[in-house]
Structure formats: C-alpha cells, structure tokens
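Chemist: no letters, just coordinates:
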C-alpha cells in the first residue's frame, strides 16, 4: 500500500479517465494544497501521511464552512458544490467521532493529565486534541473540554 498522496494521485487519474469532473477538480485542489504544504518552510520535503491528513482535514473544513456560508446567502447551487467536494475529501479522512466518543476521550485525557478548572483550558485542550488525533474537528473537542472543565 502506497502513501495517502499516492492514493490521491491514483484516484485523480481514475476520475480523469472516468470523466468525473467534480472528483477531478476536488482531488486536483487537494493535491495542490498538499504540494503547497510540502514547499512551504525552509526546504521542500514530502509530507507524512499524518501531515497529508491534516491538509485534507483543513480543506474539508473549508468546504463545510463555505457550504454553510453559501446556504446562508441563499446560493444553494454553490452550497451543494462545496458540500459535494467536502464529501469527496471525507473519503480520505478517518471516520469522525460521535459526541459520546469525544466526551469519553476528553474525560480520559483530562483525568490522565490531572486537569481541572477553566484556568487549565490551554494544556487540557492540547492533551484532548492529541488523544482525538484528527478524528473530530477542533471546535467540537474545545466545546467538550470547556464543558467538562466548567
């Protein structure tokens, strides 16, 4: 099994052959974002699968936020396109945790780190994010950490 980037490239080739325009444009955009991340910083380098996942997670989040914004502006056609792009990206991301799973993981992380009270929000958040490992959006995790520290 190759890297996640290889999988994206192979799927892009298949989408192009199959004349799947939405998947083609979405994967091109995703690979472009990966390439940008690889060349930012001091020296160009290949990203690890975890780093590629982080880029894809960020891109999928942008699509969800754009879809919400377009929906709010009454642009249903554009909202649908953004949602569809987000769904294509979601195929490459780990399954998102449920609210109950997040609550359990956050609870364990707070107990393990001995965090209590709102003053420890920063370190508690860091520990919770590490435990969740990209399987839920930061906003959902932050809300749960805030709830449990209150």
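Modeler: Arrived safely, thanks for sending. The model shown is predicted, which means the values in this text are computed figures rather than measured ones.

Chemist: all contacts plus neighbour counts: C-alpha atoms, from now on.
Modeler: Will do.

Chemist: middle-most residue in this structure, spatially?
Modeler: Taking CA atoms, centre = their mean as the criterion, residue 57 is the residue nearest the geometric centre of the chain, at 1.8 Å.

Chemist: which residues of the chain score low on pLDDT?
Modeler: The chain contains residues with pLDDT under 70 at 1.

Chemist: buried ones in stretch 45-56?
Modeler: Neighbour counts over stretch 45-56 (16 or more other CA atoms under 10 Å) mark 47, 52, 53, 54, 55, 56 as buried.

Chemist: what residue, apart from its backbone neighbours, is nearest the second one spatially?
Modeler: Translated: residue 52. Excluding the flanking residues, the one nearest residue 52 by CA to CA, 6 or more residues apart in numbering is residue 34, at 6.3 Å.

Chemist: buried ones in the strand or helix carrying the one you found?
Modeler: Residue 34 belongs to helix 21-39 when assigned by DSSP states H and E. Within helix 21-39, the residues scored as buried using 16+ other CA under 10 Å are 23, 24, 26, 27, 30, 31, 33, 34, 35, 37, 38.

Chemist: ok, residues contacting it?
Modeler: 5, 8-9, 11-12, 15-16, 44-47, 52, 55-56, 59, 85, 88-89 (CA atoms under 8 Å, 6 or more residues apart in numbering).
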